[in-house]
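Colleague: after the sequence you'll find the predicted model.
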Amino acid sequence: MKILQKKQAQIVKEKVHLQREHSKAILARSKLESLCRELQRHSKTLKEENMQHAREEEERRKEATAHFQFTLNEIQAQLKQHDIHSVKLRQENTELGEKLKKLIEQYALREEHVGKVFKHKELQQHLVDAKLQQTTQLVKEADEKHQREREFLSLYMDKFEEFQTTMEKSNELFTTFRQEMEKVFTYFQ
């Protein structure tokens, strides 16, 4: 009886110990499950945030591309306008050259009559000088206008290069951001 009682006491003691260990295991399991759920929530939130950042970055990139395209179209329109204006200036210069040539020819013809009509020659000389001065002024104004257009084009090219540099930096930032996102996704897989 004593041996049986002793065994019974030992068994009860072990049972209590096992129940205590079982309770600890259940509590630990509950904590682990809670931690797993929290980790899943955190992972989901992080993934959503990363996707949101990626969408925002893509939107910014699209906006930058659209702005770049708009600027490029604007520059192309300006260049086209400049080409048209240059053609017009060349045509005007050609016409002015022809006029000047004609004036010189007229002047040469009039010089043949110098000996006969000196006073008339002086009046013709004044007329030719006035027209030549006017033509020179027109050529000077055309050259100044052409110079201003070249400066305007140079300014637009500088702006274009600055914009291109900004786009390159934006592309580098986007590439770095995408690489970081891939690392994060790899870490949670």
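Modeller: Ah, there it is.
Colleague: which elements pack onto the longest helix belonging to the chain?
Modeller: The single longest helix within the chain, with elements called by DSSP state H, is helix 2-111. Judged by 3 or more C-beta pairs under 8 Å, 6 or more residues apart in numbering; DSSP states H and E, the packing partners of helix 2-111 are helix 118-188. No exception for glycine: its C-beta is placed from N, CA and C like everyone else's.
Colleague: angle of the helix it packs on against helix 2-111?
Modeller: 170 degrees (axes from the mean of the first three to the mean of the last three C-alpha atoms, to 10 degrees).
Colleague: going forward, the N-terminal residue is numbered 326.
Modeller: Sure, I'll start counting at 326 from here, so that last one is helix 443-513.
Colleague: and helix 443-513, what's its mean pLDDT?
Modeller: On average, the pLDDT along helix 443-513 is 81.
Colleague: who are the packing partners of that helix?
Modeller: Right, helix 443-513 is packed against helix 327-436 by 3+ C-beta pairs under 8 Å, 6+ apart.
Colleague: what does the average pLDDT come to for the helix it packs on?
Modeller: 88.
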